[in-house]
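Enquirer: structure of the sequence below:
(one chain, ligands or ions: 1)
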Amino acid sequence: MFKLFVTFLCTVALASAVFAQNIYIALPPANTDVTAGKEITVQLDRPLTLSGSEEVAVVIGTSTCPSPTTCRDVAEVLGDILYNGPFKPVLSDDSWSPYQNITITIPSWYRGPVQLGVAHFFLLGAGLNAQLQLTNTIVNVVAPR
Ligand SMILES: *[C@@H]1O[C@H](CO)[C@@H](O)[C@H](O)[C@H]1NC(C)=O
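Expert: Numbers count the residues shown, from 1 in each chain. From the prediction side, this is the model:
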C-alpha cells in the first residue's frame, strides 16, 4: 500500500516536472492569416522553471487540413519539415519567458487551414532522461496578392 502511494507521488512529481518544461507557440496566434510563399516567425516560449532540464532541439512541421477542426494528430504526422534544429531559448526585454524566434517559409502551394506542429526534445531531471513534447497550432494560409 505504502509502496503504491510512493509510486503514485513519484508519478505525479515527474508528470508536473515534465509539464513545467513544456514550450508553447506564442507566435503566430491561432487562426492568423499567413501568406503562401512568405516567411513567418514562429516564437517558441519556454517558461522559466526551477526543475533541472536541458534543451536539445525542435522540429517544426506543417500539414494542410481539410478543415480547421480536422487536422491530423501531430503524433502521427508532422508533415513538411520546415525547421529541424537546435532550441536555445533566451530571455529578452519583451517577454517574461525565454524564447526563440524561428523563421519558416510557408510552402507556396498551401491554401486554407494548415496545422503547425512542433516536436520539442529535451532532457529532464538529475538523470537527464529523454523527453518529447508535441504541441500545435492552426493558421489560415491565403494566396499572395
Ligand atoms: C521575435 O519576433 C517577434 C515578432 O516578429 C519580435 O517582436 C521580437 O522582437 C523578436 N525577438 C527577437 C529577440 O528577435
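Enquirer: how about low-confidence regions in the protein?
Expert: 1-20 (pLDDT under 70).
Enquirer: for it, just list every one of the helices.
Expert: For the chain, the helices defined by DSSP state H cover 2-20.
Enquirer: pick out the residue of it closest to the ligand.
Expert: Minimum separation of the chain from the ligand (CB to the nearest ligand atom) falls at Asn101, amounting to 3.7 Å. In this view, the C-beta of every residue, glycine as well, is placed from N, C-alpha and C.
Enquirer: who's that residue bridged to?
Expert: For Asn101, the beta-bridge partners under DSSP bridges are Gln43.
Enquirer: please verify my assumption that it contacts Gln43.
Expert: Yes: with contacts counted by CB atoms under 8 Å, Asn101 reaches Gln43, the gap being 5.3 Å.
Enquirer: mutual contacts of the two, please.
Expert: Residues touching both Asn101 and Gln43 by CB atoms under 8 Å, 6 or more residues apart in numbering: Leu27.
Enquirer: looking at these two, which one has more neighbours?
Expert: Shown here are Asn101 and Gln43; by other CB atoms under 10 Å, Gln43 has more neighbours (17 against 13).
Enquirer: enumerate the beta-bridge partners assigned to Gln131.
Expert: Here Gln131, judged by DSSP bridges, has bridge partners Phe122.
Enquirer: contact residues of the protein facing the ligand?
Expert: Counting by CB under 6 Å from any ligand atom, the chain comes close to the ligand at Leu27, Thr41, Gln43, Ser92, Asp94, Asn101.
Enquirer: again, 8 Å this time
Expert: For the chain, the residues in contact with the ligand (CB under 8 Å from any ligand atom) are Leu27, Thr41, Gln43, Val90, Ser92, Asp94, Tyr99, Asn101.
Enquirer: sounds good, over and out.
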